[in-house]
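> when you get a sec, could you give me coordinates for this:
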Amino acid sequence: MAGSPTARRRRLSIELKKLREQSSLTCAQVGAALDWSGSKVNRMETGSGRVQPSDIDALCRFYATSDELREFLMTLARQAKTRGWWQVHGAGIPEWFSIYIGLERDASSFRQYQCEVLPGLMQTAAYAGELHWTGAHMSTQAMERAVRVRMERQEMLREPGAPDAWFIVNEGALRNVIGNRELMREQLERVLETSELASVTLQVLPFDSGTHPVTGAFTLLGFPDQEDPDLVYRDGITDAVYLEGEHHVREYTRAFDGLRAAALSPPRSAELIRTVLKEYAR
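Sure, this is the predicted structure:
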């Protein structure tokens, strides 16, 4: 069972939807049988509402599940109420991104494409600070909290059992000057350092790579438990999209494979990064 509260809520939602579909019932039918609204059942299955252990008990008795499954789901519901370490930072982390951090912590693999900025898990505090300062209206304290969370997230790449992380970065992100040239020099040094970690693979998509079927950054998260399907994450300025359908995951996986084929090999990518780094050092 995945460890973060976010992952527990997601697993709980998946299991509840599975039980209803196995019973060939609609949300409205289940709600009517339990004297609930159909929307309440739907919220429980989509993870958009808090689920009480008493609700789980009622659903499991209605579906006539085993005692073992009922206890498992009730445990998920209780543990989903806990707070992740990143949530103590408050206003610096919007709710839509807090969900992502919880899923990221439990992923066994992730594949990320970045076309405008360098990956968050490779950023220096100065680079991340510049992005937060110019990209959102937030107080100095909130910005500092957001940067601190980003730095803490990076530790997972160095931990035992780190997820298999594969990054593809557009050459434009290397050459897009954030802050100043000295900041970029330090940032590219951090990128090279991170790329040498055993869990990390880094490729650069050069300007002359030709066309590719991608219009923006995205992340594919994979999970160790087969009951937790892969998902696609895409974010914007004020919100994020989580795509879990098989079609979405398949198409984004195909797109990532295309980017991987068009990108430079890891050694040649490192060589290009060193070339750009020297340009910033002049």
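
> low-confidence ranges in the chain?
Applying pLDDT under 70 to the chain flags residues 1-7, 79-96, 135-137.

> SS state for residue 221?
Using DSSP: H, G, I helix; E, B strand; the rest coil, the three-state assignment for residue 221 comes out as strand.

> contacts only, for the residue nearest to it when sequence neighbours are not counted.
Spatial nearest neighbour of residue 221, chain neighbours left out: residue 107 (4.4 Å); criterion: C-beta to C-beta, 6 or more residues apart in numbering. Where C-beta positions appear, they are placed from N, C-alpha and C, glycine not excepted. Residues in contact with residue 107 (C-beta atoms under 8 Å, 6 or more residues apart in numbering) are 163, 221, 222, 223.

> quick check: residue 171 touching residue 204?
Yes - applying C-beta atoms under 8 Å, one finds residue 171 in contact with residue 204, separated by 5.7 Å.

> can you check which residues contact both of the two?
residue 272.

> quick one: residue 58 and residue 70, what's the gap?
Separation of residue 58 from residue 70 (C-beta to C-beta, to the nearest Å): 10 Å.

> ignore what I typed, I meant residue 103.
25 Å.

> could you check which of the two has the larger neighbour count?
Counted by other C-beta atoms under 10 Å, residue 103 and residue 70 do not tie: residue 103 has more neighbours, with 21 against 18.

> can you tell me the SS state at the more buried one?
Under three-state DSSP, residue 103 falls in the helix class.

> just checking, it touches residue 231?
Yes - counting by C-beta under 8 Å, residue 231 is a contact partner of residue 103 at 7.2 Å.

> overlap in contacts of the two?
Each of residue 221 lies in contact with both residue 103 and residue 231 under the rule C-beta under 8 Å, 6+ apart.

> what about residue 120, how many neighbours?
Applying other C-beta under 10 Å, we find 18 residues neighbouring residue 120.

> start at 59 instead
With 59 as the first residue, the last one maps to residue 178.

> find the nearest non-adjacent residue to it, please.
Counting by C-beta to C-beta, 6+ apart, residue 178 lies nearest to residue 208, which is 5.6 Å off, once chain neighbours are set aside.

> so what's the backbone phi/psi at residue 122?
Backbone geometry at residue 122, expressed as degrees, to the nearest 10, gives phi 60, psi 50.

> same thing with residue 169?
Taking degrees, to the nearest 10 as the convention, residue 169 sits at phi -120, psi 120.

> how near is it to residue 256?
Per C-beta to C-beta, residue 169 is found 17 Å from residue 256.

> neighbour count for those two, which is higher?
residue 169 (23 against 8).

> verify the contact between residue 123 and residue 77 for me.
Yes - using C-beta under 8 Å, residue 123 is in contact with residue 77, at 6.8 Å.

> so which of the two has more stuff around it?
Using other C-beta under 10 Å, the more surrounded residue of residue 123 and residue 77 is residue 77, with 20 against 17.

> and the more buried one, which of the three is it?
helix.

> what sits against it?
Listed by C-beta under 8 Å, 6+ apart, the contact set of residue 77 reads 117, 118, 121, 123.

> redo that, cut-off 10 Å
83, 88, 103, 117, 118, 120, 121, 122, 123, 127, 131 (C-beta atoms under 10 Å, 6 or more residues apart in numbering).

> which residues touch the third one?
Remark: with contacts taken as C-beta under 10 Å, 6+ apart, residue 103 is in contact with 70-79, 85, 88, 109.

> quick one, which of those residues are buried?
Among these, those classed as buried by 16 or more other C-beta atoms under 10 Å are 70, 71, 72, 73, 74, 75, 77, 78, 85, 88, 109.

> distance of the fifth one from residue 117?
Looking back up the chat, that one is residue 74. Distance of residue 74 to residue 117, given as C-beta to C-beta: 7 Å.

> which residues do these two both contact?
Residues touching both residue 74 and residue 117 (C-beta under 10 Å, 6+ apart): 88, 99, 102, 109, 131.

> pretty sure the last one is in a strand, no?
No - residue assignment for residue 131, taken from three-state DSSP, gives helix, which places it outside any strand.

> does it really touch residue 125, like I thought?
No - between residue 131 and residue 125 there is no contact under C-beta atoms under 10 Å: 11.0 Å.

> which residues do those two both contact?
Contacts common to residue 131 and residue 125, judged by C-beta under 10 Å, 6+ apart, are residue 118.
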